[in-house]
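> sequence first, predicted coordinates after that:
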Amino acid sequence: MGGDVRVLHIITGLGTGGAEQQLRLLLRHLPVRCDVVTLENPGAVADGLRADGVRVVHLGMAGNRDLSALPRLTRLIRAGGYDLVHTHLYRACLYGRLAARLAGVRAVVATEHSLGDTRIEGRRLSPGVRALYRAGERLGSATVAVSPTVAARLARWGVPASRVHVVPNGIDLERFRFDPVARHRTRRRLGLPEDAYVVGGVGRLVGGKRFGVLVRALALLPEDCWLLLVGGGPEEHALRRAAHAAGVADRVLLAGERPYVPDDSPGPDLPALLCAMDALAAPSPEEAFGLAVVEGLAAGLPVAYASCPAVEDLPPGAAPLARRVRGGEAEFAAALAGLRALGPGPRTAPPAARHYCVTRAADRLAGLYAGLLARPSSPAARPAPQEVSPV
């Protein structure tokens, strides 16, 4: 598949989230020309994509029911003369698949980043949401599941196995390699004591991530233990209040949203923050992949997690320092105390982290594109590409 293939990625927003940063990382390794449309919120990842030389168009969608976005998106796709459209996240998948079909695109792919057993992107999986999802899925050529666990969930929904392709998320292993210099520099910058045992949590600060469990677990651990949370979201103030109520506010640091692809943002990036940690905890009970856990493993951290298909789908022993925890703060406190008792390790990436190298993910995705585009195309002529200006 050569550089003359044109692919348009459509995503709901480009804030600093896992799916958004995963898209930026993949575009650095895909051997095709890619543009990106964001329906709303052209945030930090949009700036990063533009710095990478990717064309980013903000559609300016006003909300879930802004139906005027559909003809605008259809015209944009038709004008670009794209060979393939790839959609990401629930709203973009609904509008993007339909617009791509109306524009006459040869192949339409959607990645399912966040399908759980009971929720998708934080919204409850009501019968209406399920029905709308299935109707939109039929408009695509293929659906990418980020883990075998997600593929099994799609099968239970009635999505034919022939339409589902497992392409796990990828990470840049070299970026997450443990760096003792970065550890010392980052701890000093954050004001962390050199002898502190730092438990980290990475992800959106939303209720579904259950970071309050870690705040309360910290109160059950020795006073030289600290909690470093990396991420932003609506639960930030609630977590601060919980820390005060538990008497551990002076040992809880909230670092805000941090990129894991290098950019010009001030402050330490995610790999440097992981270097500053001694263990990672992920109390979210329902994940589609568990990217934060894999990143922690890549940094050589022991991990306590509630749900991580990325680890659970691999053979036993692929992540020897990963412990699954069932329960709340008492169970997480016990698991973290157990990991600490093992003593400091060599901080090397286990097989589970190496399995998810981003180049492997990009190769699989490029192979899927090639296979779909090799199929006989419809008799309708592909529209000639026109210049599309960013909004």
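Nice, thanks for sending it over. Quantities reported herein were computed from a predicted structural model and do not represent experimental measurements.

> okay, now the domains of the protein?
Split into domains by automatic domain parsing, the chain comes to 6-170+357-373, 173-355.

> same list (these) but as JSON lines, adding mean pLDDT and mean neighbour count.
For every residue, glycine as well, the C-beta is placed using N, CA and C. Converted to JSON lines, the domains of the chain look like this (pLDDT from 0 to 100; neighbours: other Cβ atoms under 10 Å):
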{"stretch": "domain 6-170+357-373", "mean pLDDT": "94", "mean neighbour count": "19"}
{"stretch": "domain 173-355", "mean pLDDT": "94", "mean neighbour count": "19"}
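
> OK, contacts around the nearest residue to Gly328 once chain neighbours are set aside?
Sequence neighbours aside, Val213 is the residue nearest to Gly328 in space, at 5.5 Å (criterion: Cβ to Cβ, 6 or more residues apart in numbering). Counting by Cβ atoms under 8 Å, 6 or more residues apart in numbering, Val213 touches 283, 328-329, 332.

> so how far is Ala306 from Val213?
9 Å (Cβ to Cβ, to the nearest Å).

> intersection of neighbour lists for those two?
Both Val213 and Ala306 are contacted by Pro283, under the criterion Cβ under 8 Å, 6+ apart.

> which residues are in contact with the longest helix seen in the chain?
Longest helix in the chain by number of residues (criterion: DSSP state H): helix 358-373. Identification of contacts with helix 358-373 by Cβ under 8 Å, 6+ apart yields 1, 5, 7, 25-26, 29-32, 83-84, 106-107, 109, 141-142, 144, 165, 167-173.

> now intersect the residues you listed with the strands, please.
Those of the contacts of helix 358-373 mapping onto strands are 7, 84, 107, 109, 142, 144, 165, per DSSP state E.

> what about the closest residue in space to the fourth one that isn't next to it in sequence, which helix or strand?
Counting by Cβ to Cβ, 6+ apart, the nearest residue to Val109 once its immediate chain neighbours are dropped is His86, at 4.6 Å. With elements delineated by DSSP states H and E, His86 resides in strand 84-88, which encompasses its position.

> after that strand, next one along is what?
Note on strand 84-88: by DSSP H and E, the next helix or strand toward the C-terminus is helix 90-103.

> contacts for that next one next, please.
Applying Cβ under 8 Å, 6+ apart, the contact partners of helix 90-103 are 10-12, 37, 39, 61, 64, 69-70, 73-75, 77-78, 85, 87, 108, 110, 114, 120-121, 123, 132-133, 136-137, 139-140, 383.

> let's see which of the residues you listed end up in helices.
69-70, 73-75, 77-78, 132-133, 136-137.

> picking that back up, just name the closest of the ones in strands among the contacts of helix 358-373 to Gly53, please.
Val7 (14.7 Å; Cβ to Cβ).

> my read: that closest one touches Val85, true?
Yes - the pair Val7 and Val85 qualifies as a contact (Cβ atoms under 8 Å) at a distance of 7.4 Å.
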